[in-house]
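S.K.: quick one: sequence plus predicted model below, questions after.
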Amino acid sequence: MNELIFLSLTKEIMKPKNELHKYLFDFEDNVRFKIFLAILSISTTIYKKNKVDHIQTFSIDGLLGVNSFLPRSGKLTFNIIEDFINSLKSPFFETISVDKKLVSFKLSYKYISEMNKNTGFNKIELKKLKSCRDIKATKLALIIENHKKGYLHLNYLLDVLKVPDKKQRKERIKQIKNAFKSINVDFEYKYPANQNAPVLEDHYKFHY
């Protein structure tokens, strides 16, 4: 499926303060997150091609093909994909359902409005997410693929990667570091040398 090569996201949606940003990452299961990205990618591509805002359709018949970025283990089946789609409640879609591998969808007014703002799109190569077996790694890879060099604030990553609150701070930071390592991205976490040291502008940030 050619629509699954890239996910086109507006530059505004990838900004943390954007209303849709948190909903893009509002998943705790890696497979479900990847299915959502696949469905969003296809739906967005179709809308961008024809610019109509009524119900449109596409087949998921090739979604588990050889070149798909979705996991191809026996644990992921079309029944699982269809169950996910039929239970999906997302502000990216006004409506979405599937029957016999045929998806019917209508994008939400909010999402269409964001696309029509002409703030530019970033194309994220979905195949880069194929090797990510952990939800934190997949989310981080998506963020970095969108902006290949820079920094990410600790509090933002704790929130978007859904690092458990109950764990100690040191362990929570370690989970973020492990996510960077799992996607082979060099990084440096900067923080004050001790409690009495001044907090600088680049502290509590992961620079990559």
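M.R.: Happy to help now that I have it.

S.K.: the one helix or strand residue 96 maps to pairs with which strands, parallel or anti?
M.R.: Secondary structure from DSSP states H and E places residue 96 in strand 93-99. The pairing partners recorded for strand 93-99 under DSSP bridges are strand 102-107 (antiparallel).

S.K.: downstream neighbour of the partner strand in the secondary structure list?
M.R.: That would be, after strand 102-107 and using DSSP H and E, helix 109-115.

S.K.: next, the buried residues of whichever helix or strand comes after that next one.
M.R.: Elements were assigned by DSSP H and E; along the chain past helix 109-115, the next helix or strand is strand 121-125. Of all the residues in strand 121-125, those buried under the rule 16 or more other Cβ atoms under 10 Å are 121-122, 124. (Each C-beta comes from the backbone N, C-alpha and C, glycine too.)

S.K.: partner residues bridging residue 103?
M.R.: residue 58, residue 98.

S.K.: that one and residue 63 touch, don't they?
M.R.: No - the pair residue 103 / residue 63 is not scored as a contact, 9.7 Å apart, by Cβ atoms under 8 Å.

S.K.: ok, back up a step: how far is the strand holding residue 96 from where the chain is centred?
M.R.: 19 Å (Cα atoms, centre = their mean, to the nearest Å).

S.K.: kindly report the same for stretch 174-192.
M.R.: Distance of stretch 174-192 from its chain centroid, counting by Cα atoms, centre = their mean, is 18 Å.

S.K.: for that stretch, measure first residue to last.
M.R.: End-to-end distance for stretch 174-192, by Cα to Cα, to the nearest Å: 17 Å.

S.K.: what of stretch 70-86?
M.R.: Taking Cα to Cα, the first and last residues of stretch 70-86 lie 18 Å apart.

S.K.: what does that stretch contact?
M.R.: Here stretch 70-86 makes contact (Cβ atoms under 8 Å, 6 or more residues apart in numbering) with 31-32, 34-36, 38-39, 60, 63-64, 66, 96-98, 101, 103.

S.K.: so which strand or helix has residue 189?
M.R.: Using DSSP H and E, residue 189 sits within strand 188-190.

S.K.: what lies in contact with the following helix or strand past that strand?
M.R.: Downstream of strand 188-190, the next assigned helix or strand under DSSP H and E is strand 205-207. Residues from elsewhere that reach strand 205-207, judged by Cβ under 8 Å, 6+ apart: 150-154, 157, 176, 180, 187-190.
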